[in-house]
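In: Dropping the sequence and predicted coords here.
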Amino acid sequence: MSDATPLDPEVLSVFRCPLTRSKLTQQGNELVAEVGGLRYPINDGIPILLIDEAKLPDGIATLDEFKKKFADQIPE
């Protein structure tokens, strides 16, 4: 994994998790959702905001399990 280049804070401020629609913060080469902690990769400075590419938080094995756990925080 290469060193992370910080994203422009103004650009980062408009990004949202495509599932929970919560704000994202940059941690290394990933963007982490405030709600649920889904982690989206940043490849060559480009955030990959695809749910299927997100890493699940520890203790959650599947996307369906994540959706059940955070159902009350996922907009319809």
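Out: Yep, that arrived. Numbering: from 1, shown residues only.
In: which stretches of this protein have low pLDDT?
Out: Residues of the chain meeting the criterion pLDDT under 70: 1-3.
In: For it, which segments are assigned as strands?
Out: For the chain, the strands defined by DSSP state E cover 24-27, 30-33, 39-43, 46-47.
In: need those in TSV with distance to Ile74, can you?
Out: From N, CA and C alone the C-beta is placed, and that goes for glycine too. Below are the strands of the chain laid out as TSV (distance: least, Cβ to Cβ, whole Å):
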stretch	distance to Ile74
strand 24-27	15
strand 30-33	11
strand 39-43	16
strand 46-47	20
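In: so which of the ones you listed is the most packed in?
Out: Of all the strands of the chain, strand 30-33 has the most neighbours on average by mean count of other Cβ atoms under 10 Å, namely a mean of 22.
In: roughly how far out does that one sit from the chain middle?
Out: The chain centroid and the centroid of strand 30-33 are separated by 4 Å, computed with Cα atoms, centre = their mean, to the nearest Å.
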